[in-house]
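Asker: Mind looking at a prediction? Sequence and model below.
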Amino acid sequence: MEPSPAPRFAAASAALVAVTGAVAACGGEAPRQDAGEPPGRYRVAIVGTSFSARQRLARQERLVIAVQNRGRATVPELSVTVHAFSTRARARGLADAERPVWVIDRPPRGSTTANASTWSLGRLLPGRAKRFVWRVTPVRTGTHRLRYRVTAGLAGRAKAVTAGGGAPARELTVRVSGRPSASRVDPETGAVVRDGG
């Protein structure tokens, strides 16, 4: 015989009270998001940056950032945050909005994070280096500043530092021209060859 709804409701309520009490006894807080990230300062060096200082509108470019672990401990989560792939601009009659300067055609492989401006390549052993490579296309003419910063983790407990103790960061100035690049077809291969930069 099926029990009546009243006893079942009472049993469910009692279970809910017990769970709520257990959570309250534990402080009622969820575990910290950075609990798994080892705290510390990790020495790194930016050993290479490649991004053309003169670009042409709608012509794909490569941004390459190479970072080496110069310390004795493994970097937990080598990451790079890039500012100015887009900029905030006030449109007529509208609030500030993001306007892209470069469209990201292909981010570094396997580097996606929850933050749209940050990419991670995972652990970095002492003495080893990793390269972040983006393929991007400029979509706004003018002079733009692209800034990036290297971090040792995604939650803020692991800090990347240079040999001098500062933040490993750089700023690049790029001029994007609206003048189309000259191109021709190689008669032997049929490939499109772009002349000039």
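Answerer: Now that the structure is in, tell me what you want to look at. Numbers count the residues shown, from 1 in each chain.

Asker: only C-alpha atoms for contact and neighbour calcs from this point on.
Answerer: Will do.

Asker: pLDDT weak spots in the chain?
Answerer: For the chain, applying pLDDT under 70 flags the ranges 1-35, 87-97, 180-186, 190-197.

Asker: where along it do the helices fall?
Answerer: 5-25 (DSSP state H).

Asker: now the strands for it?
Answerer: 40-50, 54-56, 61-69, 79-83, 86-90, 96-100, 102-106, 118-120, 129-138, 142-151, 158-161, 169-177, 182-185, 192-195 (DSSP state E).

Asker: Nearest to Thr112, out of the ones you listed?
Answerer: strand 118-120 (5.5 Å; C-alpha to C-alpha).

Asker: follow-up on the earlier one: now distance to Thr112 and mean neighbour count too, for the strands of the chain, in CSV please.
Answerer: Listed next are the strands of the chain as CSV, based on distance: least, C-alpha to C-alpha, whole Å; neighbours: other C-alpha atoms under 10 Å:
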stretch, distance to Thr112, mean neighbour count
strand 40-50, 20, 19
strand 54-56, 26, 19
strand 61-69, 16, 19
strand 79-83, 10, 20
strand 86-90, 17, 14
strand 96-100, 19, 14
strand 102-106, 11, 15
strand 118-120, 5, 22
strand 129-138, 12, 18
strand 142-151, 15, 18
strand 158-161, 19, 22
strand 169-177, 20, 16
strand 182-185, 34, 11
strand 192-195, 32, 11
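
Asker: my guess is Phe85 meets Glu98, correct?
Answerer: No - in this structure Phe85 lies outside contact range of Glu98 using C-alpha atoms under 8 Å: 9.8 Å.

Asker: ok, the closest residue to Pro107 other than its chain neighbours - contacts?
Answerer: Leaving aside its sequence neighbours, Pro107 sits nearest to Trp134 (C-alpha to C-alpha, 6 or more residues apart in numbering; 4.6 Å). Going by C-alpha atoms under 8 Å, 6 or more residues apart in numbering, Trp134 touches 62-64, 104-108.

Asker: switch the cut-off to 6 Å
Answerer: 62-63, 106-108 (C-alpha atoms under 6 Å, 6 or more residues apart in numbering).

Asker: and if you look at Leu63?
Answerer: Counting by C-alpha under 6 Å, 6+ apart, Leu63 touches 50-51, 133-134.

Asker: distance of the residue lying closest to Phe51 once chain neighbours are set aside from Pro76?
Answerer: Of all residues not flanking Phe51 in the chain, Leu63 sits nearest, at 4.8 Å (C-alpha to C-alpha, 6+ apart). Plainly put, Leu63 is 23 Å away from Pro76 if you go by C-alpha to C-alpha, to the nearest Å.

Asker: May I have the beta-bridge partners of the residue nearest to Pro107?
Answerer: With DSSP bridges as the criterion, Trp134 is bridged to Leu63.

Asker: Is Val82 in contact with Arg145, as I believe?
Answerer: No - using C-alpha atoms under 6 Å, Val82 is not in contact with Arg145; the gap is 10.8 Å.

Asker: Apart from its chain neighbours, what residue comes closest to Gly110?
Answerer: Leu121 is the one closest to Gly110 (C-alpha to C-alpha, 6+ apart), at 6.9 Å.
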